[in-house]
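> Next comes the sequence, and after it the predicted model I'd like to discuss.
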Amino acid sequence: MRRYKCVISYDGTDFSGFQIQPDRRTVQGELEKALKTIHKNQSIQVFGSGRTDASVHAIGQVIHFDTPLHIPTEKWGRAFAANLPQDIVIRDVQEVNQDFHARFQAVRKEYRYRVLNCKLHDVFRRRYTYHFPHELNVNAMQEAAEFLLGIHDFTSFCSTASPIEDKVRTIYHLEIIQEEDELIFRIQGNGFLYNMVRIIVGTLLEVGAGKRNVNDMKKIILAKDRTKSGKTAPGHGLYLWKVDYE
């Protein structure tokens with residue numbers, strides 16, 4: 001058996017998330033369907049660096065799979081392209097050691113969230129940005145974001161539906177970049193809880209809109225209570241940007 005690591009991109013608009021689900025179209029489901037065709041009806045399991053929710057996109061999601069086939073590495077991209085739908089693309093394929101695991105060996109992830117901050121929505125960006133038509137104080141948002149850096153218990157920024165008990169995570173970097181009529185939230189950490197990035201963005205937008213004070217962010221972290229933070233920003237503005245390994 002050989003193990004391959006792939007970097008993939010996908011448009012999450014028409015997927016019910018990454019993880020395979022019965023009777024629903026998912027990224028993992030389409031990948032495994034393609035691999036089954038390539039392997040002449042043999043089922044091959046795909047492992048991802050993490051799950052993304054419905055409508056969430058990826059630029060640099062990482063997966064791995066094992067195969068008995070001896071296909072040259074450079075030909076895997078062509079094999080996938082012939083069997084995958086247009087909203088998934090394999091960007092890179094590498095053969096790796098058998099002890100590599102896309103999820104358990106990831107040491108850092110970067111997510112980006114795009115907010116369209118103007119009066120009118122853009123019909124051509126409606127699936128890829130969250131339209132927020134209200135005036136925002138970006139300096140206040142960046143100031144509030146500083147409280148999130150470092151090691152914290154992020155219970156206040158995790159969906160109550162999450163079964164994970166240990167909610168301590170480390171955020172290495174969080175910046176808000178303004179590019180014309182868009183705000184891009186760039187966040188890097190050692191791992192992220194269910195809906196964590198989207199709740200952080202939703203809370204920072206409330207700070208920017210004047211609904212919360214900058215110093216409220218510290219109180220929200222210490223509260224360890226989901227009801228104290230802001231709304232969950234919608235999935236279609238979120239991108240899994242890249243995953244780093246040692």
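Received it, and whenever you're ready, just let me know what you need.

> Show me what the worst-scoring helix or strand of the chain on mean pLDDT packs onto, helices and strands only.
Between all helices and strands in the chain, the lowest mean by mean pLDDT, DSSP states H and E belongs to helix 73-81, at a mean of 95. On a contact count with 3 or more Cβ pairs under 8 Å, 6 or more residues apart in numbering; DSSP states H and E, helix 73-81 meets strand 2-10, helix 27-38, strand 88-96. Yep, even glycine has a C-beta here, placed from its N, CA and C like the rest.

> closest one to residue 186 among these?
strand 2-10 (17.4 Å; Cβ to Cβ).

> List the buried residues for that closest one?
Burial within strand 2-10, assessed by neighbour count using 16 or more other Cβ atoms under 10 Å, is assigned to 3-10.

> Please apply the same query to stretch 117-133.
Under the neighbour-count criterion of 16+ other Cβ under 10 Å, stretch 117-133 has 117, 125, 128-132 buried.

> again, but for stretch 151-171
152, 154-158, 167, 169, 171.

> For the residues you listed, which two are the farthest from each other?
155 and 171 (14.4 Å).

> Count the neighbours of residue 221 for me.
A count of nearby residues for residue 221, using other Cβ atoms under 10 Å, gives 18.

> same thing with residue 83?
Neighbours of residue 83 using other Cβ under 10 Å come to 15.

> Nearest spatial neighbour of it, chain-adjacent residues omitted?
Excluding its sequence neighbours, the residue lying closest to residue 83 (Cβ to Cβ, 6 or more residues apart in numbering) is residue 34, at 3.8 Å.

> Could you measure from that neighbour over to residue 65?
Using Cβ to Cβ, to the nearest Å, we find residue 34 at a distance of 11 Å from residue 65.

> out of those two, which sits in the busier spot?
The neighbour comparison of residue 34 against residue 65 (other Cβ under 10 Å) goes to residue 34, with 21 against 18.

> quick one: the more buried one and residue 80 touch, right?
Yes. In this structure, residue 34 is within contact of residue 80 by Cβ atoms under 8 Å, at 5.9 Å.

> who's in contact with the residue nearest the centre of the chain?
Taking Cα atoms, centre = their mean, the centroid of the chain lies closest to residue 240, which sits 3.2 Å from it. Taking Cβ atoms under 8 Å, 6 or more residues apart in numbering, we find residue 240 in contact with 49-50, 52, 56-61, 109, 111.

> If it is in a bridge, with which residues?
Beta-bridge pairing of residue 240 under DSSP bridges involves residue 58, residue 111.

> what's the pLDDT at it?
pLDDT recorded at residue 240 is 98.

> Kindly report the same for residue 201.
98.

> for residue 246, same thing?
85.

> what's near enough to touch it?
Listed by Cβ under 8 Å, 6+ apart, the contact set of residue 246 reads 105, 107.
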